[in-house]
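Novice: I need the structure of the sequence given here:
(2 chains)
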Amino acid sequence: MSNATLSDKRPSSLRAAHLPKWFSWAVAAGSIALGLGISTVAGLESSIQWALIAGVLFVLATFVITSSVEGRRQAKDRVATSLVWVSFLLAVIPLASLVYETVKRGVKVLDGYFLSHSMGVVATSESGGGIYHAILGTLEQVGLAALISVPVGVLTAIYLVEYGRGKLAKAVTFFVDVMTGIPSIVAGLFILSTWILILGMGPSGFAGAMALTILMLPVVVRSTEEMLKLVPNELREASLALGVPKWRTILKVVLPTAIGGITTGVMLAVARIAGETAPVLLLVWGSNFINANPFSDPQASLPMYIYLQFQQSGGYGAAYDRAWAASLTLIAFIMILNLAARGIARWKAPKSGR
Amino acid sequence: MDISTTKDTAAPPTPQPSADQKRAERGTTRPGDRIFLGLSRGSGIFLLALMAAIAVFLSYRAALAISKDEANFFTTFEWNPTAVPPEFGIAVLAFGTIVSSIIAMAIAVPVAVGIALFITHYAPRKLGGPIAYVIDLLAAVPSIVYGLWGALVLVPQLDGLYGWLNDYLGWTGILEWQGGAPRSMLTVGILLAIMILPIITNVSREVFRQVPQMQEEAALALGATRWEVIKMAVLPFGRSGVISASMLGLGRALGETMAVAMVLSPSFEINASLLDPGGGTFAQNIASKFSEATEMGRDALIASGLVLFVITLLVNGAARLIIARRKEFSGANA
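Specialist: Below is the predicted model:
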């Protein structure tokens, strides 16, 4: 009996009416066409406008049609779905545009000459020149910052994981969190107030590196801490049971086990500070000349170079081209660091970690 | 976990250890251990000292500046630290910082939640991973590049939108437009929203991913549509996570410097309309005014930086508190 009712092809009253699968696509296509049509008729020039009109039309049409065919609950569901899709597309557009424009405008002047020459004798309005001095400055400043913050950061993390339990450890944990949120300009102002205004030093790559250290330290501490926590306790106990002193256990057993993750964290931290402009603006000032000594006189850096080219362009296309090319170089540098860091993380992950 | 022998002796109220235990402890403390403990504890103390130093030195220089300020530091609409007598105040900066951050949050939070839901619940499974990965990478794009893009690509695109807003919503007063270059608070808010999207999305995504599968399945079994599942199971579970994610984003928006400095045309007045020039932000003002500032000017900028520092500390502290509380109360993802 039940077989007979199941094979019955008549529309059942228990099963609600359904719109076909292509429904959403059809509505989307329709509303984009309508949006484009309306904006051409109304003479709107910006692509943002027709996209907005099309988005509103899409949501409205979906709701009205679905609620008449499938009922209100389904209509709400569809509207939510389309809103989620719209928000995703809304976010993708600027982010994709950012990458696309940087690559498109950046490749114009980006070549071997650009990477190996400075701006020394090139006026901002002229074409030519390059970013060699800026790359040098970035590498030195970031390198110095890493040189200070990696040992301090890793040791702090070791303290928190291996020794710390008391008030001091709690305070350190809390203030590491707080430090993560310090705006880069405030870190720059702190070094400015001590190193330059109170101690009377001049601008230098080292001053910038100290500000970058403040930004890098909490990131290194946090990521190292996470990694050390992943090291299985059995390893520590086995080593201690063999009579190995605690400090040698940490150096020879714990750190080597976590070294992949720690490297990843350090590289991500470097990637974060390599793009910082504000502290460099306050403390290193930027320069058009090659200055290989980070301990005296202004130095350039990649983000600072972009800012100076933008700021002093006077509307000349050549300066903008250089700014885009430097942006592309900077993004490429950061992305390579990121990808390499993730590669190492996957390759060297502690066996029990995932 | 803890197998150390050397401890903060002051921290736990331990019962009087016997002579035997004391000797045993001392016996296992080798000089290498002492040095290593000293080094690592020293690093921790260094970090605390650094935080204290930041607060102390910024306050010291700020106090120098504010003591010479002839006008009220909090309510003055001017920035003339080099004038005689020096007069400067943060009213306009506070206004601009708060307004641009509010706009950024109003745009970014719903969109970020949408993307996070898209990745975890809507996108085809094969797409979700790569999208999340790309958004992760976008979080690493430096702000100077966002600034360059904002100034040279976004601003020209906004002309049409501004005219449109003015035509249809100009009557509200806050969306009036006199027709200048679209380098106003609204533009800054939009750019900041784009910049903080990746952070908010990443944190919210992690939270949504931790929603107990059983709750979602239970809702589905009761006949809920996908939206109802999200409304009943996902969003309530993820609410505190989304709030803390938003506050982390807010912290970044408040302190953002270069992108704002490149996009905004600042002015030291408060304008009711978001589309006309009016206001600046703390960080942007420091970056723009720094190069021509004298020592007095720098101290004044440090004073405004101190205010920014305190605000971001409060916002971030609140975010951390919410995260910590959530850890305590949710047993679901233990």
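Novice: Contact partners for A:Met304?
Specialist: When contacts are counted by C-beta atoms under 8 Å, 6 or more residues apart in numbering or on different chains, A:Met304 touches A:134, A:137, A:277, A:280-281, A:284, A:286. C-beta: built from backbone N, CA, C; applies to glycine.
Novice: now do A:Thr156
Specialist: By C-beta under 8 Å, 6+ apart, the contact set of A:Thr156 is A:172, A:176, A:217, A:221, B:40, B:43-44, B:46-47.
Novice: Tell me where chain B has strands.
Specialist: Assigned by DSSP state E, the strands in chain B fall at B:79-80, B:87-88.
Novice: circling back to that earlier point, return the member of the contacts of A:Thr156 nearest to B:Phe208.
Specialist: Taking C-beta to C-beta as the measure, B:Phe208 sits nearest to A:Val176 out of those, at 26.4 Å.
Novice: And the pLDDT at the closest residue to A:Gly130 other than its chain neighbours?
Specialist: Using C-beta to C-beta, 6 or more residues apart in numbering or on different chains and skipping residues adjacent in sequence, the residue nearest A:Gly130 is A:His117, 3.6 Å away. Residue-level confidence at A:His117 comes out at 89, pLDDT.
Novice: again with B:Ala334
Specialist: Reading off the model, B:Ala334 has pLDDT 34.
Novice: which residues touch the residue nearest in space to the middle of chain A?
Specialist: Nearest to the geometric centre of chain A sits A:Arg272, at 7.0 Å (C-alpha atoms, centre = their mean). With contacts defined as C-beta under 8 Å, 6+ apart, A:Arg272 is in contact with A:215-216, A:219, B:140.
Novice: Most neighbours out of these, which is it?
Specialist: With neighbours taken as other C-beta atoms under 10 Å in any protein chain shown, the top of the contacts of A:Arg272 is A:Met216, carrying 26 neighbours.
Novice: That one and A:Gly153 touch, don't they?
Specialist: Yes: counting by C-beta atoms under 8 Å, A:Met216 sits close enough to A:Gly153 to count as a contact (7.4 Å).
Novice: which one among the contacts of A:Met304 gets closest to B:Ala94?
Specialist: For the contacts of A:Met304, the nearest to B:Ala94 is A:Leu281 (22.2 Å; C-beta to C-beta).
Novice: count of neighbours near that closest one?
Specialist: Residues near A:Leu281, counting by other C-beta under 10 Å, number 28.
Novice: Quick check: buried residues in the host helix or strand of it?
Specialist: Assigned by DSSP states H and E, A:Leu281 belongs to helix A:278-283. Using 16 or more other C-beta atoms under 10 Å in any protein chain shown as the test for burial, helix A:278-283 gives A:278-283.
Novice: how about those in CSV, adding distance to chain B?
Specialist: Converted to CSV, the buried residues of helix A:278-283 look like this (distance: C-beta to the nearest C-beta, whole Å):
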residue, distance to chain B
A:Ala278, 4
A:Pro279, 9
A:Val280, 10
A:Leu281, 6
A:Leu282, 6
A:Leu283, 10
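Novice: quick one: which of those residues is nearest to A:Pro232?
Specialist: A:Pro279 (39.2 Å).
Novice: The closest one is in contact with A:Phe190, isn't it?
Specialist: No: applying C-beta under 8 Å, one finds A:Pro279 not in contact with A:Phe190, separated by 9.4 Å.
Novice: list residues touching both of those two?
Specialist: Counting by C-beta under 8 Å, 6+ apart, the residues touching both A:Pro279 and A:Phe190 are A:Ala211.
Novice: And chain A, what are its domain boundaries?
Specialist: A:19-104, A:132-347 (automatic domain parsing).
Novice: Which stretch among these is buried most, on average?
Specialist: Most buried of the domains of chain A by mean neighbour count (mean count of other C-beta atoms under 10 Å in any protein chain shown) is domain A:132-347; its value is a mean of 21.
Novice: distance between the ends of it?
Specialist: By C-alpha to C-alpha, to the nearest Å, the extent of domain A:132-347 from end to end equals 33 Å.
Novice: rewinding a little: make a markdown table from the contacts of A:Met304 and add distance to A:Pro94 and pLDDT to it.
Specialist: Output for the contacts of A:Met304, formatted as a markdown table (distance: C-beta to C-beta, whole Å; pLDDT from 0 to 100):
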| residue | distance to A:Pro94 | pLDDT |
| --- | --- | --- |
| A:Ala134 | 26 | 94 |
| A:Gly137 | 30 | 94 |
| A:Thr277 | 20 | 93 |
| A:Val280 | 26 | 93 |
| A:Leu281 | 25 | 92 |
| A:Val284 | 30 | 91 |
| A:Gly286 | 28 | 88 |
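Novice: which residue sits closest to B:Asn80 in space, ignoring its chain neighbours?
Specialist: In space, and not counting its chain neighbours, B:Asn80 is closest to B:Glu87: 5.2 Å by C-beta to C-beta, 6+ apart.
Novice: these two touch, right, that neighbour and B:Asn72?
Specialist: No: at 9.3 Å, B:Glu87 does not count as touching B:Asn72 under the criterion of C-beta under 8 Å.
Novice: higher neighbour count, those two?
Specialist: For B:Glu87 versus B:Asn72, the count of surrounding residues by other C-beta under 10 Å is larger for B:Glu87: 19 against 13.
Novice: what residues are up against the more buried one?
Specialist: The contact partners of B:Glu87, taken as C-beta under 8 Å, 6+ apart, are B:69-71, B:76, B:78, B:80-81.
Novice: rerun at 7 Å
Specialist: B:Glu87 makes contact with B:69-71, B:76, B:78, B:80 under the criterion C-beta atoms under 7 Å, 6 or more residues apart in numbering or on different chains.
Novice: same question, B:Ser204
Specialist: Each residue near B:Ser204 by C-beta under 7 Å, 6+ apart is listed here: B:112-113, B:116, B:238, B:241-242, B:245.
Novice: and if you look at B:Gly305?
Specialist: Shown in contact with B:Gly305 (C-beta under 7 Å, 6+ apart): A:185-186, A:189, B:58, B:282, B:286.
Novice: before we move on, what about A:Ala323?
Specialist: A:Ala323 touches A:306, A:309-310, B:148, counting by C-beta under 7 Å, 6+ apart.
Novice: so which strand or helix has it?
Specialist: In this structure, A:Ala323 is located in helix A:317-347 according to DSSP H and E.
Novice: okay, the angle between the longest helix out of those in chain A and helix A:317-347?
Specialist: The longest helix of chain A (DSSP state H) is helix A:72-106. On the basis of axes from the mean of the first three to the mean of the last three C-alpha atoms, to 10 degrees, helix A:72-106 is oriented at 120 degrees to helix A:317-347.
Novice: can you pull the buried residues of the helix or strand following helix A:72-106?
Specialist: Using DSSP H and E, the next helix or strand after helix A:72-106 towards the C-terminus is helix A:112-116. In terms of neighbour count (16+ other C-beta under 10 Å), helix A:112-116 has its buried residues at A:Phe114.
Novice: what residues does helix A:112-116 touch?
Specialist: Contacts for helix A:112-116 (C-beta under 7 Å, 6+ apart): A:130-132, A:325.
Novice: Spell out which residues of the stretch 251-354 of chain A are next to chain B.
Specialist: Contact residues (C-beta under 7 Å from any C-beta of the partner chain) of the stretch 251-354 of chain A with chain B: A:271, A:275, A:277-278, A:281-282, A:303, A:306-307, A:310, A:320, A:323, A:327, A:330-331, A:334-335, A:338.
Novice: pLDDT at the spatially most central residue of chain B, what is it?
Specialist: Nearest to the mean C-alpha position of chain B, by C-alpha atoms, centre = their mean, lies B:Gly251 at 1.5 Å. B:Gly251 is assigned a pLDDT of 90 by the prediction.
Novice: surely it meets B:Leu314?
Specialist: No: using C-beta atoms under 7 Å, B:Gly251 is not in contact with B:Leu314; the gap is 9.5 Å.
Novice: Give me the below-cutoff pLDDT ranges for the chain.
Specialist: Answering for chain A, as no chain was given. Along chain A, segments meeting pLDDT under 70 span A:1-17, A:44-48, A:349-354.
Novice: Correction: the question concerned chain B.
Specialist: For chain B, the ranges with pLDDT under 70 are B:1-29, B:326-334.
Novice: Walk me through the domains of it.
Specialist: According to automatic domain parsing, the ranges for chain B are B:19-68, B:87-329.
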